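> Sequence plus predicted model, see below.
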Amino acid sequence: MTDADTALLLARIQFAFTISFHFIFPSFSIGLASYLAVLEGLWLKTGKAVYLALFRYWLKIFAIAFGMGVVSGIVMSYQFGTNWSVFSDRAGPIIGPLMAYEVLTAFFLEAGFLGVMLFGMEKVGKGLHFVATLMVAIGTFISAFWILSVNSWMQTPTGWAINAQGQFVPGGSWLNIIFNPSFPYRLIHTVTAAYLTTALVVGAVGAWHLLKRRRAGMVAPTDGSQNAPSSDEAVRKMFSMAMWMAALVAPVQIFVGDLHGLNTLEHQPAKVMAMEGHFESYPNGAPLILIGMPDSKAEKTHVLLEIPKASSLILKHDPDAPLEGLKSFPREDRPPAEIIFWSFRIMVGLGFLMLGLGLWSLIARVRRRLYDWPSLHRFALIMGPAGFVAVIAGWITAEVGRQPWVIYNLLRTRHAIAPIAVPAVATSLAAFVIVYFIVFGIGTIYILKLMARGPEIGEPQLARAPIRSAGITPGPSVGRRGADPRPDQSEGAD
């Protein structure tokens with residue numbers, strides 16, 4: 001391996017490491033911002049103190065996750081100049097404006113209303129505060145919109161032209177660049193994954209507290225009555241809402257993932273063939289390799305378990321439809337099948353486990369055992385980190401599957417790197433690893449400690465602002481001074 005190859009490998013590892021850390025936090029904060037908006041909206045509509053308690057509880061966690069997401073994202077932009085200056089120069093006329101739109105329309109919106117959301121309820125009134133929460137939630141979605149538009153253009157570039165300096169420039173309408181062929185699928189798939197990730201975290205926290213209370217002898221009633229402690233009411237509410245989200249969104253995500261796969265087959269067939277582990281072409285229907293060991297050097301997948309013709313059925317909805325293999329592409333244009341074969345299976349496998357959790361929760365509701373089924377709660381607790389693992393596995397599938405291109409079929413990754421020395425990139429990579437694990441490790445530990453405390457109903461903070469400022473009449477659980485410390489007497493929007 002030459003020094004140039006080593007520098008390229010280290011630069012790719014550095015970007016992969018930093019973006020993997022960064023991706024964890026937006027995949028949580030996007031869904032959590034929307035969850036906070038729902039909680040505050042339900043509180044304003046019903047006046048129930050349980051929604052205020054949950055809003056206050058998750059707001060602290062959101063603030064830390066959002067901050068770590070911003071800090072981890074800033075670092076990546078510097079790498080475009082230090083490690084990937086050729087890419088920045090070649091693609092800057094297209095990538096630069098799209099990233100600027102993200103800052104102007106999303107980051108400023110989030111930053112402008114975040115302070116009001118975190119500290120302003122007692123100062124601006126509940127109505128205006130709810131608007132601030134909505135703006136932060138909308139801002140996170142808009143941010144995802146622009147970032148995914150950039151990434152999707154790199155995957156399926158359209159609307160471009162080459163100028164005299166060899167740069168990619170707009171070759172027509174910006175709409176063709178923004179709404180490139182893979183963008184709608186990537187946007188829906190990624191945002192839905194963020195909602196599922198948040199639901200699994202919220203469900204895991206609720207499950208942990210239900211198990212903790214059960215061990216302490218504070219078992220929630222199974223008949224739907226509300227004679228439990230007030231904090232237990234908040235725990236049950238968050239667990240119920242999370243399980244509804246998992247039950248409703250998991251099947252939608254699987255359906256959207258199928259559509260995304262069909263789009264990828266159309267525009268990036270080599271990626272799909274690597275995901276499937278197909279080196280050979282199948283003229284009469286391709287099998288679905290469930291377990292195997294791809295070997296790019298031998299151009300063969302050592303099959304351990306497969307379903308005949310199932311791959312053609314899934315990808316082309318016809319068991320006898322022909323499918324090409326990786327041997328149809330030049331070796332230098334093939335992605336590394338060994339990596340994305342397994343990252344894809346991790347993502348899909350976790351998706352079906354999420355579906356199983358949602359279905360199990362529906363059975364528990366029907367049997368009136370949602371809060372009194374320890375095995376369900378343990379499964380929900382185990383699935384807490386599954387969303388983060390799935391989104392990282394999906395990112396690996398998408399980005400490693402794009403190789404050897406940084407702009408698909410137009411600019412190779414090895415031609416996009418800056419002329420950097422191996423010691424320089426190795427030193428910066430080591431520094432990133434050390435600093436990231438210390439800083440974000442401490443932040444994650446603090447978030448886990450906040451989650452372990454559990455929500456409490458009746459805290460004076462945030463509850464003192466008069467409810468009439470939002471234009472609604474206080475309900476039975478909200479007095480003139482704020483939240484009634486007694487538990488609510490109805491299930492509400494479980």
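Yes, it's here.

> So which residues of the stretch 51-200 of the chain form helices?
Ranges of helices within the stretch 51-200 of the chain are 85-102, 108-119, 121-124, 126-155, 174-178, 183-215, based on DSSP state H, counting those that start in this stretch.

> Also the stretch 201-350 of the chain?
230-267, 269-276, 310-316, 337-366.

> Is it possible to get JSON lines of those helices that adds mean pLDDT?
Below are the helices of the stretch 201-350 of the chain laid out as JSON lines (pLDDT from 0 to 100):
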{"stretch": "helix 230-267", "mean pLDDT": "91"}
{"stretch": "helix 269-276", "mean pLDDT": "94"}
{"stretch": "helix 310-316", "mean pLDDT": "91"}
{"stretch": "helix 337-366", "mean pLDDT": "95"}
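
> tell me the average confidence for whichever helix or strand R12 is part of?
Assigned by DSSP states H and E, R12 falls within helix 3-46. Helix 3-46 carries an average pLDDT of 90.

> and it, what does it pack onto?
helix 49-82, helix 126-155, helix 183-215, helix 386-400, helix 422-453 (3 or more CB pairs under 8 Å, 6 or more residues apart in numbering; DSSP states H and E). (C-beta placed from N, C-alpha, C; glycine too.)

> May I ask which helix or strand of the chain has the lowest mean pLDDT?
Using mean pLDDT, DSSP states H and E, the weakest-scoring helix or strand in the chain turns out to be strand 478-479, at a mean of 37.

> follow-up on the earlier one: got the angle for the helix holding R12 vs helix 49-82?
160 degrees (axes from the mean of the first three to the mean of the last three CA atoms, to 10 degrees).

> that older thread, quick check: which of the helices and strands packed on helix 3-46 is nearest to V272?
Comparison of those against V272 by CB to CB identifies helix 386-400 as nearest, at 10.2 Å.

> how distant is the closest one from the center of its chain?
9 Å (CA atoms, centre = their mean, to the nearest Å).

> ok and that helix relative to helix 337-366, angle-wise?
150 degrees.

> C-alpha coordinates for helix 386-400, PDB please?
Extracted in PDB, the C-alpha atoms of helix 386-400 (Å, rounded to 0.1, in the frame of the first residue of the first chain):
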ATOM      1  CA  ALA A 386     -31.500  -0.700  18.300                       C
ATOM      2  CA  GLY A 387     -32.500   2.400  16.500                       C
ATOM      3  CA  PHE A 388     -29.000   3.900  16.700                       C
ATOM      4  CA  VAL A 389     -27.500   0.600  15.500                       C
ATOM      5  CA  ALA A 390     -29.900   0.400  12.600                       C
ATOM      6  CA  VAL A 391     -29.300   4.000  11.400                       C
ATOM      7  CA  ILE A 392     -25.500   3.500  11.500                       C
ATOM      8  CA  ALA A 393     -25.900   0.200   9.700                       C
ATOM      9  CA  GLY A 394     -28.100   1.900   7.100                       C
ATOM     10  CA  TRP A 395     -25.600   4.700   6.700                       C
ATOM     11  CA  ILE A 396     -22.800   2.200   6.200                       C
ATOM     12  CA  THR A 397     -24.900   0.400   3.600                       C
ATOM     13  CA  ALA A 398     -25.600   3.600   1.700                       C
ATOM     14  CA  GLU A 399     -22.100   5.200   1.800                       C
ATOM     15  CA  VAL A 400     -19.900   2.200   1.500                       C
END
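
> relative to helix 230-267, how tilted is the helix holding R12?
Going by the same axes, to 10 degrees, helix 3-46 makes 130 degrees with helix 230-267.

> count of neighbours near V75?
V75 has 17 neighbouring residues, counting by other CB atoms under 10 Å.

> Pretty sure it sits against L429.
No - in this structure, V75 is not within contact of L429 by CB atoms under 8 Å, at 11.8 Å.

> show me where pLDDT drops low in the protein?
216-230, 457-494 (pLDDT under 70).

> same thing but 80
The model of the chain has pLDDT under 80 over residues 1, 74-77, 214-231, 454, 456-494.

> Take the helices of the stretch 51-200 of the chain and write them to TSV, including mean neighbour count and distance to P374.
Shown next, in TSV, are the helices of the stretch 51-200 of the chain (neighbours: other CB atoms under 10 Å; distance: least, CB to CB, whole Å):
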stretch	mean neighbour count	distance to P374
helix 85-102	18	44
helix 108-119	17	36
helix 121-124	16	37
helix 126-155	21	34
helix 174-178	16	49
helix 183-215	22	6
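
> Distance to L376 for these - can I get that in CSV?
Formatted as CSV, these follow (distance: least, CB to CB, whole Å):
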stretch, distance to L376
helix 85-102, 40
helix 108-119, 33
helix 121-124, 35
helix 126-155, 29
helix 174-178, 43
helix 183-215, 8
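
> related to what we said a few turns ago, go through the helices of the stretch 201-350 of the chain and pick out the most buried.
Per-stretch averages of neighbours, counted by mean count of other CB atoms under 10 Å, single out helix 269-276 among the helices of the stretch 201-350 of the chain, with a mean of 25.

> And that helix, how far out from the chain middle?
Centroid separation for helix 269-276 versus its chain: 23 Å, with CA atoms, centre = their mean.

> list the helices and strands that helix packs on?
Under the contact criterion of 3+ CB pairs under 8 Å, 6+ apart, helix 269-276 touches helix 230-267, strand 288-295, helix 310-316, helix 337-366.

> Residues contacting that helix, please?
For helix 269-276, contacts defined as CB atoms under 8 Å, 6 or more residues apart in numbering pick out 261, 264-265, 279, 286, 288-289, 294, 311, 315, 323-326, 328-329, 333-337, 340-341, 344, 397, 401-402.

> just to revisit the earlier point, is it possible to get the helices and strands packed on helix 269-276 out as TSV so that each row also shows distance to F21?
Shown next, in TSV, are those (distance: least, CB to CB, whole Å):
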stretch	distance to F21
helix 230-267	23
strand 288-295	28
helix 310-316	33
helix 337-366	17
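
> Between those, which one is closest to L187.
helix 230-267 (9.9 Å).

> That closest one packs against which elements?
The helices and strands touching helix 230-267, judged by 3+ CB pairs under 8 Å, 6+ apart, are helix 49-82, helix 183-215, helix 269-276, helix 310-316, helix 337-366, helix 374-382.

> Report the inter-axis angle for the third one versus helix 126-155.
The reference is to helix 269-276. Using the same axes, to 10 degrees: helix 269-276 against helix 126-155 is 100 degrees.

> Only alpha carbons, please: show helix 269-276 as PDB.
C-alpha atoms of helix 269-276 as PDB (Å, rounded to 0.1, in the frame of the first residue of the first chain):
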ATOM      1  CA  PRO A 269     -27.500  -1.700  -9.200                       C
ATOM      2  CA  ALA A 270     -24.000  -2.600  -8.100                       C
ATOM      3  CA  LYS A 271     -24.800  -1.600  -4.500                       C
ATOM      4  CA  VAL A 272     -27.900  -3.800  -4.400                       C
ATOM      5  CA  MET A 273     -26.000  -6.800  -5.900                       C
ATOM      6  CA  ALA A 274     -23.400  -6.300  -3.100                       C
ATOM      7  CA  MET A 275     -26.200  -6.100  -0.500                       C
ATOM      8  CA  GLU A 276     -27.600  -9.300  -1.800                       C
END
